[in-house]
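Colleague: when you get a sec, could you give me coordinates for this:
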Amino acid sequence: MAAPKTRDRVVDAALWAFGTRGYDGTSLDDVAGEVGITKQAVLYHFPTKEELLRSSIEVAAEEVGAALAQALRSVPPGFGRVEAIVKATFSLAARRPEVLGLVRSVTRQGGAPAGELAGRLSALLDDAVAFMAAEMDAGRFRRLEPRMVVLAIYSSVIGVATEPEVMRVLGVEPDLRSLVQARRQMIEFLRAALCP
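Modeller: Just a heads-up that it's a prediction; the model follows:
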């Protein structure tokens, strides 16, 4: 297997840095140091920090989309699909916390990067809204505003999966065990909220 190209290593390091320290807390020098190259080498591949963020957003959106698509491959309609999405999201949080950290950071930051991320995830979100509406029409879920339900699920799951400091404040040490427990509780919370 060939070693990853320098450009890919730079994006991976940037994704990690942006996802764990935020955009403002990350410099091109930080990324270069992580990869073991010079800042000028980073600039050769990415003329600006914004361009590097865009590439990181692209990778993060692809990983989120792939994880969710994989989770839904063989799950029939009904609450099982919601459960599969929650499990896939928590699994991604455990395996690659920087990916969801970047999603959280970019959406909080707003502006062009948030628009870029929203554009990359729009088909996924549209599918989620259509699914919720169909489940409500079939009587399997309570009648609510589908877009608000998707927003509430997104906010709840991403928040619980990516906020270790809030967990600590609440007296929960953020480790694999607590993540599994949080996932289980999130599924039960959503089941109670959605299912009549």
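
Colleague: and residue 150, backbone torsions?
Modeller: Dihedral angles of residue 150 (phi, psi; degrees, to the nearest 10) stand at phi -60, psi -40.

Colleague: what about it, distance to residue 18?
Modeller: 25 Å (C-beta to C-beta, to the nearest Å). C-betas here are computed from N, CA, C, even on glycine.

Colleague: so the two - more neighbours on which side?
Modeller: Neighbours were counted for residue 150 and for residue 18 using other C-beta atoms under 10 Å; residue 18 has more, 28 against 20.

Colleague: any stretches of this structure with poor pLDDT?
Modeller: 1-3 (pLDDT under 70).

Colleague: where along it do the helices fall?
Modeller: 6-21, 28-35, 39-45, 49-72, 79-95, 97-109, 111-137, 146-162, 164-169, 176-194 (DSSP state H).

Colleague: for the last one, which helices and strands make contact with it?
Modeller: Spelled out, that is helix 176-194. Judged by 3 or more C-beta pairs under 8 Å, 6 or more residues apart in numbering; DSSP states H and E, helix 176-194 is in contact with helix 79-95, helix 146-162.

Colleague: give me the outermost residue of the protein relative to its centroid.
Modeller: residue 40 (30.1 Å; C-alpha atoms, centre = their mean).

Colleague: that one and residue 52, how far apart?
Modeller: 14 Å.

Colleague: and residue 194, by the same measure?
Modeller: Taking C-beta to C-beta, one finds residue 194 at 39 Å from residue 52.

Colleague: what of residue 184?
Modeller: 37 Å.

Colleague: out of these two, which sits in the busier spot?
Modeller: residue 52 (25 against 13).
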